[in-house]
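Peer 1: Kindly return the folded structure for what I paste below:
(chains A and B)
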Amino acid sequence: GQSLEQPSEVTAVEGAIVQINCTYQTSGFYGLSWYQQHDGGAPTFLSYNGLDGLEETGRFSSFLSRSDSYGYLLLQELQMKDSASYFCAVSRTGGYQKVTFGIGTKLQVIP
Amino acid sequence: DAGVTQSPTHLIKTRGQQVTLRCSPKSGHDTVSWYQQALGQGPQFIFQYYEEEERQRGNFPDRFSGHQFPNYSSELNVNALLLGDSALYLCATQGGLRSGANVLTFGAGSRLTVL
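Peer 2: Numbering: from 1, shown residues only, chains lettered A, B, ... in the order given. Below you'll find the model as predicted:
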């Protein structure tokens, strides 16, 4: 089977840095993605890691260690609008990839 | 360029009824996946369609069925509705393997309430 673990809630101060960790167990691992979802909205793609290392996109960075089955999303210079749920998601090999999501981490940014 | 569009946005049904949800993919996307998201949970994979065929399926009963049309749009059908089917149903589309297949583009969802 598959499993993903991430913290359920994180609170951070505006302007600070926050790291959201994700550990996974799955066969046929292909890559790790991160999605953001505001309350009442749809998930939107943030970042994808297919190889070990760090991917940077503006204020957001994502890291993957395939050997440790671990990844994280790093949000810098937090803004109030970053308050949302963040999901890690694994893609598996085998043709057209099935993407499996974690339960999500609810990030609250406070002044 | 329109993104993924879903209809209806909200609907209310009673137990035992049937519902059909619709999805039009983003331009250039040919693969459609459906997800169920209960309140406070992550999206759960229902199934995926490509070339009008169901390619993969999650752990959902046969009451959940789907269809993909030649224009890549898709429908999700749920029969014999249960209270537990109340959720946000999300459609996510992807391009071909050569064009950002690792990125899911989601629609705004159809919120189903079963009474």
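Peer 1: Tell me, what's the model's pLDDT at residue 38?
Peer 2: Answering for chain A, as no chain was given. Looking at A:His38, its pLDDT is 96.
Peer 1: actually chain B
Peer 2: pLDDT at B:Ala38 comes out at 95.
Peer 1: so how many other residues sit close to it?
Peer 2: Using other Cβ atoms under 10 Å in any protein chain shown, B:Ala38 has 13 neighbouring residues. All C-beta atoms are positioned from the backbone trio N, CA, C, and that covers glycine.
Peer 1: so it makes contact with B:Asp85?
Peer 2: No. Using Cβ atoms under 8 Å, B:Ala38 is not in contact with B:Asp85, being 9.7 Å away.
Peer 1: With adjacent residues omitted, what lies nearest to the residue nearest the centre of chain B?
Peer 2: Geometric centre of chain B, nearest residue: B:Trp34, 3.0 Å, by Cα atoms, centre = their mean. The shortest distance from B:Trp34 to any non-neighbouring residue, by Cβ to Cβ, 6 or more residues apart in numbering or on different chains, is to B:Ile46 (4.3 Å).
Peer 1: Assumed that neighbour was part of a helix.
Peer 2: No. Looking at B:Ile46 with DSSP: H, G, I helix; E, B strand; the rest coil, it is strand, so not inside a helix.
Peer 1: From A:Met80, how far off is it?
Peer 2: 34 Å (Cβ to Cβ, to the nearest Å).
Peer 1: ok, the two, which is more surrounded?
Peer 2: Under the criterion of other Cβ under 10 Å, the comparison of B:Ile46 against A:Met80 puts B:Ile46 first, with 22 against 10.
Peer 1: ok so, going back, check which helices and strands the host helix or strand of the residue nearest to the centre of chain B sits against.
Peer 2: Element membership for B:Trp34 (DSSP states H and E) is strand B:31-37. Secondary-structure packing of strand B:31-37 (3 or more Cβ pairs under 8 Å, 6 or more residues apart in numbering or on different chains; DSSP states H and E): strand B:44-50, strand B:74-78, strand B:87-94.
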